[in-house]
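*Asks:* Sequence and predicted structure, then a few things I'm wondering about:
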Amino acid sequence: MTIKRFVGTLAGLGLAMAFATNAAAEEDERFINLASTTSTEQSGLFDAILPQFKEATGIDVRVVAVGTGQAFELARRGDADSLLVHDTAGEKAFIEEGYATERQPVMYNDFVLIGPGEDPADIADADDAADAFARIADAEVPFASRGDDSGTNRAELRLWESAGVDPGGEWYRELGSGMGPTLNTAAGMDAYVMSDRATWVAFDNRQDLEILFDGDEALFNQYGSLLISEERHPHLKHDLAKQWHEWLISADGQQAIADYELDGQQLFFPNAGENGDD
Amino acid sequence: MNDMNTAPTSATMLAMEGVAFTHRGHALLKDVSLSLSRHGNTIVMGPNGAGKSLLMRLLHGLLSPTHGRLRWHGQSGRPPRQAMVFQRPVMLRRSAIANVTYALAVQGTRWRDRRPQAWDALERFGLTEIAHRPARVLSGGEQQRLALARAWALRPEILFLDEPTSALDPAAIKAVEDAVIDFHHQGTRIVMNTHDLHQARRLADDIVFLCQGRVIEHNQADSFFTTPRTREAAAFVRGELVW
Amino acid sequence: MLSEDNAFTTALQLIIGLDETLVGIVALSMQVSLTAVLIAAMLGLPLGAAVALWRFPGRGLVIIILNAFMGLPPVVAGLVVYLMLSRAGPLGELGLLFTPSAMVIAQILLILPIIAALTRQHTEERWDEYREQLTSFRVSRVRAIPTLLWDARFSLMTVILAGFGRASAEVGAVMIVGGNIDGVTRVMTTAIVLETNKGNLPLALGLGMILLLLVALINAGAFLIGEEARRRLG
């Protein structure tokens, strides 16, 4: 009977697949889960450097790309073997809470201020980042904020503070989204937006948006790698995570980061060993 | 013997003792005591709403009486192998022959015996041509014959038929009546409902006459039709409206 | 600039090129959703039939809960499964988080109520029709379950396809419990979200077209088989 054969085939297929899933999972015991940010994932950096790390050590790094806030939460609950994020203050607090034992600066990129080409708030002529933010608030032109407690969001809020602005009102739009969706939305409503340079360079749907202001040191975006506390989460793969952590700040790792280019632009600048706290 | 005794005797197969059935406060069947002998065709008659179908379901065990009890005699009181044919045949969504093999399967027939036995039953009822057709696209008459073939395959000791011909044309009615006679010759005890007086005359050995939820007469068929004992039965036999 | 033509050619190029990454993503999508549907059906079909057959106290509540859970937001399902499978959660020891198995579990949670609730409806209709005949055959209720499921098979096929559609189309749950890890837990829907986030809208739409095409193919296959069987068996 056709139906019976069909159901039988389906059942067999399902079981075979279930086994295949398990087999694939067991094959690769040497891997770690790395909680990191969407900006590093979407810029293509991991695609470039992870194969080199794997070649050197045989370890697979599985990247779970989320906002910095969620990345901390994953690590706090013991769901990530390693952490690579960009929120220096948050990282230090994380160590103080006892969830991580060591933090190393790895690299930086920078934030850029993006807006519609006509630049109605005239931020291209701003003196510094704080001035640019103040001009946007004065002009009350639409500004798209991540609003998701990510590293970028936290940096943006610090910049508003330094501009002496308490952002709010019709023009200030908190999206509660990742960098990519926020850029998509900003493009759709011709809004100003702050993005890390890497995500912006890798981003395709720009429409009328372009970089209007960059280069101020206040827009510096430091990435740090954290070693998670063995005491707090003994079940994690600390040995493998330590190898990853050390490779990132090693000469090889730093070189791999420096070598990554997109559209002829270097996106991340290795600075391991430097103070790099701000 | 004109008078059917309601008291069980050694020839009794099934006895109802003071059976009543009440549904949502309505007494649909009241104080029925009835004994059915081991052989013969019993026809249950009565006006619409008298409780004929309900009586059939209680006898077959589809429903349990709210008062009184049902007793099977012989076989240490266990119910015998039985089957029922409904007014509207219930066909499973499978082929005709699969309807029969299903009944055999749930009865516990061994797997390798099911198809031959089902085929025999279909053959007896002239259904082999349509054995592999979906049962639910068969005509009403074919479906009822298939229901009979399905019952036949179960080799019941007692067969209940609930107005099996009421929705059929004359040729199909003839086929059902022939089947009832065949069952009878096989030694199957028949209990059947009908409101067709002619059919009752053709098939009945004895008549149970129901009116308003009571058995008001249980009589040999010839006596029932020639000299009914109750006023209601007399009127019914004459073809008058009784309720 | 984005245009439909653009997305369409992208989809076509992806299919024709048989891109290795794409093949892996499609295979994982199908593997996860088919496994989830299979397990959900094995649990949900008998469960739905049992609720149809038995009268017990609280039955109405069970039906209401099943119906309500048909509308469970995938993100909530994902969050619940995440909290269960997280290291800090009760099943953390199993180490299933961020694996395809976790995605299967989340999808089962999503579609089990659909399959059970709709199976309950369909088998109850059959039971109303068959009850007297099956009781006459002295069929026990446990034995009636496979009978009713088999006789409702055409409706149930649609139910299972609906479950498969929901499983393969949802993104909220698998994103949370799978983590969208490249080459490990990246499926069609999470890949679409990623490409959308990267502003690569033609590629995202192209992937969406491929997903739709696959679901349509599976539906068409089931439909044709169903029609053939219906024609033969009525």
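*Replies:* Right, received. Where do you want to start?

*Asks:* At the contact with chain A, which residues of chain C appear?
*Replies:* Contacts of chain C with chain A, taken as C-beta under 8 Å from any C-beta of the partner chain, map to C:1-2, C:30-32, C:34-35, C:37-39, C:86-89, C:92, C:97-101, C:104, C:153, C:179-182, C:184, C:194, C:196-201, C:222, C:225-226, C:228-229, C:232. Yep, even glycine has a C-beta here, placed from its N, CA and C like the rest.

*Asks:* Just the buried residues from those residues, in ChimeraX please.
*Replies:* Applying 16 or more other C-beta atoms under 10 Å in any protein chain shown to the residues of chain C next to chain A, the buried members can be selected in ChimeraX as follows:
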select /C:30,31,32,34,35,37,38,39,86,87,89,92,97,98,99,100,101,104,153,179,180,181,182,184,194,196,197,198,199,200,201,222,225,226,229
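
*Asks:* Residue 73: neighbour count?
*Replies:* You didn't say which chain, so I picked chain A. 16 (other C-beta atoms under 10 Å in any protein chain shown).

*Asks:* could you do chain C instead?
*Replies:* There are 12 residues near residue C:73, going by other C-beta under 10 Å.

*Asks:* contacting residues around residue 85?
*Replies:* Looking at chain A here, since you left the chain open. Contact analysis of residue A:85 by C-beta atoms under 8 Å, 6 or more residues apart in numbering or on different chains lists A:35, A:36, A:37, A:68, A:71, A:72, A:91, A:151, A:223, A:224, A:226.

*Asks:* my question was about chain C
*Replies:* C:91, C:92, C:94, C:96, C:97, C:102, C:105, C:177 are the contacts of residue C:85 under C-beta under 8 Å, 6+ apart.

*Asks:* which residues in chain B form helices?
*Replies:* Assigned helices in chain B, in chain order: B:52-60, B:96-107, B:111-124, B:140-153, B:170-185, B:197-203, B:221-226, B:231-237 (criterion: DSSP state H).

*Asks:* just to revisit the earlier point, ok, and of the residues of chain C next to chain A, which contact chain B?
*Replies:* The subset of the residues of chain C next to chain A within reach of chain B, by C-beta under 8 Å from any C-beta, is C:153, C:232.

*Asks:* For the chain, give me the ranges with low pLDDT.
*Replies:* Defaulting to chain A. Chain A contains residues with pLDDT under 70 at A:1-28, A:275-278.

*Asks:* actually chain C
*Replies:* Residue ranges of chain C with pLDDT under 70: C:1-5, C:233-234.

*Asks:* same thing with chain B?
*Replies:* Residues of chain B meeting the criterion pLDDT under 70: B:1-10, B:75, B:242-243.

*Asks:* how about a cut-off of 80?
*Replies:* Along chain B, the model assigns pLDDT under 80 to residues B:1-10, B:74-77, B:241-243.

*Asks:* Near chain C, which residues of it are found?
*Replies:* B:57, B:60-62, B:83-84, B:86, B:90, B:92-95, B:102-103, B:106-107, B:133-137.

*Asks:* just to revisit the earlier point, could I get the helices of chain B in JSON lines, plus columns for distance to residue C:212 and mean neighbour count?
*Replies:* Converted to JSON lines, the helices of chain B look like this (distance: least, C-beta to C-beta, whole Å; neighbours: other C-beta atoms under 10 Å in any protein chain shown):
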{"stretch": "helix B:52-60", "distance to residue C:212": "53", "mean neighbour count": "22"}
{"stretch": "helix B:96-107", "distance to residue C:212": "38", "mean neighbour count": "23"}
{"stretch": "helix B:111-124", "distance to residue C:212": "45", "mean neighbour count": "16"}
{"stretch": "helix B:140-153", "distance to residue C:212": "43", "mean neighbour count": "24"}
{"stretch": "helix B:170-185", "distance to residue C:212": "52", "mean neighbour count": "16"}
{"stretch": "helix B:197-203", "distance to residue C:212": "62", "mean neighbour count": "16"}
{"stretch": "helix B:221-226", "distance to residue C:212": "71", "mean neighbour count": "17"}
{"stretch": "helix B:231-237", "distance to residue C:212": "69", "mean neighbour count": "18"}
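
*Asks:* Those helices: which one's closest to residue A:124?
*Replies:* Proximity to residue A:124 (C-beta to C-beta) singles out helix B:96-107 among the helices of chain B, at 80.2 Å.

*Asks:* The closest one near chain A anywhere?
*Replies:* No - using C-beta under 8 Å from any C-beta, helix B:96-107 never reaches chain A; the gap is at least 9.8 Å.

*Asks:* residue closest to the middle of chain A?
*Replies:* residue A:37 (2.5 Å; C-alpha atoms, centre = their mean).

*Asks:* Next, that residue: phi, psi?
*Replies:* With angles defined as degrees, to the nearest 10, residue A:37 sits at phi -100, psi 160.
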